[in-house]
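Enquirer: this one's structure only:
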């Protein structure tokens, strides 16, 4: 239930103040947090998925391209450039073309819009979404792990979480062999960031197929739930998940084991 750029763009406070300059590619990227750029480099200050607001030191084409390249490497979701006399005057077409080539969404916003209001609204959307996600996950964990409950009660609890229990759903586990007892805290943070990014990317993969994806990390592992309306996409989704995990951890010291549960819901009746 992660917030995407497309989700944010539906809000009046967003589309009335922020203008999309690039094409539509990349708008399904998840947004983890708003970040206001205040230093020349951003890579060491972000974890991936941020929507980055830029108001200084990016007025030239060279500076803009360098910033976009750094954002791509850091896996941020988008850039918003504040335009105005005392800020960045404009973004040339070649900057926008470069962003399109790299599938990096870029937006503009007038410099006189209160940045604090915009970033606060984005943060509130993310927190609200995460709260609903936790509620849904707790319900499904309880459903799979507790004793028998009346079917109608289960349906009502599910609807309260936005989950239609008449749909099909399955669990997915990711188990890693990462040494969480290591004293190298930098290495631990690097693993956590990479693992979280992988899960958010898996969410994007299945969302594109019209499948709801809920996940929760548990130390060095994760449990996820996929809620499907169309079973025809299941094999394709599992293949795409396998391929991404294999690619993401290809050069990592950490090994990951994927496990899929049987299907539950209407298909199991």
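Expert: Great, that's in hand. All values derive from a computational prediction rather than experimental measurement.
Enquirer: mind listing the helices for the protein?
Expert: For the chain, the helices defined by DSSP state H cover 5-9, 12-15, 61-74, 93-101, 115-145, 151-160, 185-207, 234-248.
Enquirer: lowest-confidence stretch among those helices?
Expert: Among the helices of the chain, helix 151-160 has the lowest mean pLDDT, at a mean of 74.
Enquirer: centre of the chain versus that helix, how much separation?
Expert: Centroid separation between helix 151-160 and its chain, computed with Cα atoms, centre = their mean, to the nearest Å, is 28 Å.
Enquirer: any figure for the gap between the residue of the chain most remote from its centre and residue 132?
Expert: Relative to the centre of the chain, the most outlying C-alpha is that of residue 150, 34.8 Å out, by Cα atoms, centre = their mean. From residue 150 across to residue 132, the span is 24 Å (Cβ to Cβ, to the nearest Å). Every C-beta, even on glycine, is put in place using the N, C-alpha and C of the backbone.
Enquirer: what's near enough to touch the residue positioned nearest the centre of the chain?
Expert: With distances taken as Cα atoms, centre = their mean, residue 30 lies nearest the centre of the chain, 2.9 Å away. By Cβ atoms under 8 Å, 6 or more residues apart in numbering, the residues touching residue 30 are 2-4, 49, 77, 200, 203-204.
Enquirer: same thing with residue 259?
Expert: Taking Cβ under 8 Å, 6+ apart as the contact definition, residue 259 lies against 172-175.
Enquirer: buried among those? Need that as a selection in ChimeraX.
Expert: Those of the contacts of residue 259 that count as buried under 16 or more other Cβ atoms under 10 Å are selected in ChimeraX with:
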select :172,174
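Enquirer: check the contacts of residue 259 and tell me the two furthest apart.
Expert: Of all pairs drawn from the contacts of residue 259, the greatest distance, 10.9 Å, lies between 172 and 175 (Cβ to Cβ).
Enquirer: between the contacts of residue 30, which is nearest residue 168?
Expert: Using Cβ to Cβ, the contacts of residue 30 come closest to residue 168 at residue 203, 18.0 Å.
Enquirer: make a markdown table out of the contacts of residue 259 and add distance to residue 107 and pLDDT.
Expert: Putting the contacts of residue 259 into a markdown table (distance: Cβ to Cβ, whole Å; pLDDT from 0 to 100) gives the following:
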| residue | distance to residue 107 | pLDDT |
| --- | --- | --- |
| 172 | 33 | 90 |
| 173 | 37 | 91 |
| 174 | 33 | 93 |
| 175 | 39 | 93 |
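Enquirer: quick one: which of the contacts of residue 259 is nearest to residue 224?
Expert: Nearest to residue 224 among these is residue 172, at 4.2 Å by Cβ to Cβ.
Enquirer: can you report how many residues lie near the closest residue to that closest one other than its chain neighbours?
Expert: Nearest non-adjacent residue to residue 172, counting by Cβ to Cβ, 6 or more residues apart in numbering: residue 224, 4.2 Å away. Neighbour count of residue 224, defined by other Cβ atoms under 10 Å: 23.
Enquirer: likewise residue 193?
Expert: Neighbour count for residue 193, taken as other Cβ under 10 Å: 15.
Enquirer: from residue 114, how far off is it?
Expert: Separation of residue 193 from residue 114 (Cβ to Cβ): 30 Å.
Enquirer: how close does residue 57 get to residue 42?
Expert: 11 Å.
Enquirer: more neighbours, these two?
Expert: residue 42 (20 against 13).
Enquirer: tell me who's in contact with that one.
Expert: 35, 52, 67, 70-71, 74, 76.
Enquirer: which one of the residues you listed has the most neighbours?
Expert: Within those, most neighbours by other Cβ under 10 Å means residue 76, with 27 neighbours.
Enquirer: and it, its phi and psi?
Expert: With angles defined as degrees, to the nearest 10, residue 76 sits at phi -70, psi 160.
Enquirer: OK, contacts around it?
Expert: When contacts are counted by Cβ under 8 Å, 6+ apart, residue 76 touches 35, 42, 46, 48-52.
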